[in-house]
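**Q** prediction below, plus the sequence it came from.
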Amino acid sequence: MDKRDLPLRGLRIQWDQVPQDSYLRGIPALNRLEGLDFKRPVTLFCGENGTGKSTLLEAAAVALGYNAEGGTRNFRFSTYQDVSTLHQAVRLIRGAQWSGAGYFFRAETFFNVSTAIMERYNDDGVLPDYHSRSHGESFLSFMQDRSRPGLCLMDEPEAALSPQRQLSLLLLLYRMAGQGSQFLIATHSPIILGIPEADILCFDDTGVHPVAYEETESYQVTRSFVTRREQMLRLLLDEEDGQGNAD
């Protein structure tokens, strides 16, 4: 897929729209970021907790008109107002294929989305009851039910999925990307990070920068644990015992 065909070609951050005392300016990966250009159908955000991945993803989603807690652009509900002001400073570069189709998926508020579907948006009774399924099954079903081309932003979609289901999600995303969808995904999963032909952006204290799959911390830590489990456990437990003895 050519860059010109992407629904979202990039974004820019106008920092003069962010208050000087905002906590956003204290996030190292974000406070030096002027913008991002998206060149492939799948862009993955990786990095340690607290580095700004979800904050930027949420800001982009809200700027695009998606509900902050998740859902499509038709969803309008709020159970708790906890949206950062970054979306007010985000300026989007839309492509010719932008149609408004797609959704924002965030693992931590999916329960609220499932409830809203039943209580607010299911008057004709045709929408599925995701509460009637296991947590992981409801995650995957929600994405499968919305498999038509569009722009999809996903925050830790692997949270409730087994490794096997993560592989199913990887295949689904790859197929949808080939059919015209675009994905921005924040993830810690070494499986999701392995989606073929994706761009991976690492958020850390040096800023936001491209990395190869094998350079991601998720891959390196998982590989080390799987191949040297006993050695890593011994090291971790020895450190824990040492801290306990020091007390």
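**A** Everything's here; your move.

**Q** quick one: low-confidence parts of this structure?
**A** Along the chain, segments meeting pLDDT under 70 span 1-4, 74-82, 109-132, 135, 240-247.

**Q** what are the boundaries of the helices in it?
**A** Ranges of helices in the chain, per DSSP state H, are 28-31, 53-64, 110-119, 135-144, 163-178, 217-227, 229-246.

**Q** off-centre distance for the shortest one?
**A** By that I understand helix 28-31. Here the centre of mass of C-alpha atoms in helix 28-31, compared against the chain's by C-alpha atoms, centre = their mean, to the nearest Å, lies 17 Å away.

**Q** what packs against it?
**A** Helices and strands touching helix 28-31, by 3 or more C-beta pairs under 8 Å, 6 or more residues apart in numbering; DSSP states H and E, are strand 199-204, strand 207-210. C-beta here means a position set from N, CA and C on the backbone, and glycine is covered the same way.

**Q** out of the ones you listed, which comes closest to R234?
**A** strand 199-204 (28.1 Å; C-beta to C-beta).

**Q** ranking the helices and strands packed on helix 28-31 by burial, who's on top?
**A** Stretch with highest mean neighbour count among the helices and strands packed on helix 28-31: strand 199-204 (a mean of 21; mean count of other C-beta atoms under 10 Å).

**Q** got a list of contacts for it?
**A** Contacts to strand 199-204, defined as C-beta atoms under 8 Å, 6 or more residues apart in numbering, come from residues 28-30, 36, 38-40, 42-48, 51-53, 56, 193, 208-213, 215-216.

**Q** out of the helices of the chain, deepest packed?
**A** helix 53-64 (a mean of 23).
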